[in-house]
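> Quick one, what's the 3D model for this:
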Amino acid sequence: MEIDYNRKLSFLLVDDVQVHRFLMASGIERINPFIKLDQASGVNEAIEKLSSNTYHAVISDWSMPDGGGAELVRWMRARHHFQRVAFIMISGKNKNEDIIKAFMEHEVDAYVVKPFKAQNLLDKVMSAVDKRQK
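A predicted model of the protein is given here:
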């Protein structure tokens, strides 16, 4: 996927493990340093940031102590003004039923299995953002 450095994009990274957020952020920044990245350590902090900022995508871990990605995407999809925000689920769960559940029940736009390469993550995020923006 070709990178458009003129495109002003903003992503929210949500994971309870700080090193995971750091790795995602540093990988994305290495590929495209012009993407604005914000971080949250859990669902409650993510909801606070979503309530006061605008993002093109949310990249969230599935399992977190305060509810996880499923709870966060449910909260977002219940609010009309988040319908154009892409939601990318990150998880160590790689069973087909987990992936199908994420798409069918939780309306995620992309599912990325850990471990992953930064370029693969960014490709999926950009594809999801493009689909949601149409």
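> From here on, just use CA atoms for contacts and neighbour counts.
Will do.
> all helices of this structure, in order?
Secondary structure of the chain by DSSP state H: the helices cover 18-31, 43-52, 68-77, 96-104, 118-133.
> ok, residue 58 touching residue 37?
No: using CA atoms under 8 Å, residue 58 makes no contact with residue 37, being 10.0 Å away.
> Now for these two: what residues contact both?
Shared contacts of residue 58 and residue 37, defined by CA atoms under 8 Å, 6 or more residues apart in numbering, are found at 11, 12, 13.
> For the protein, name the helix or strand with the lowest mean pLDDT.
Lowest on mean pLDDT, DSSP states H and E among the helices and strands of the chain sits helix 96-104, with a mean of 64.
> for residue 18, what are its contacts?
Taking CA under 8 Å, 6+ apart, one finds residue 41 in contact with residue 18.
> right, I mislabeled it, should have said residue 24
13, 118.
> repeat that with 7 Å
residue 118 (CA atoms under 7 Å, 6 or more residues apart in numbering).
> While we're on it, how confident is the model there?
pLDDT, residue 24: 96.
> low pLDDT regions in the protein?
Residue ranges of the chain with pLDDT under 70: 1-2, 5, 94-96, 98-104.
> how many neighbours does residue 34 have?
When neighbours are counted by other CA atoms under 10 Å, residue 34 registers 16.
> give the contact list for the residue sitting nearest the centre point of the chain.
Residue closest to the average C-alpha location in the chain (CA atoms, centre = their mean): residue 59, at 1.3 Å. For residue 59, the contacting residues are 12, 13, 14, 87, 88, 89, 90, by CA under 7 Å, 6+ apart.
> Pull out the buried members of the residues you listed.
12, 13, 14, 87, 88, 89, 90 (16 or more other CA atoms under 10 Å).
> Can you tell me which of those residues is nearest residue 54?
Nearest to residue 54 among the buried ones among the contacts of residue 59: residue 12, at 9.2 Å, using CA to CA.
> thinking again about what came up before, rebuild the buried ones among the contacts of residue 59 as a markdown table, extending it with distance to residue 97.
Conversion of the buried ones among the contacts of residue 59 to a markdown table gives the following (distance: CA to CA, whole Å):
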| residue | distance to residue 97 |
| --- | --- |
| 12 | 26 |
| 13 | 24 |
| 14 | 23 |
| 87 | 19 |
| 88 | 17 |
| 89 | 14 |
| 90 | 15 |
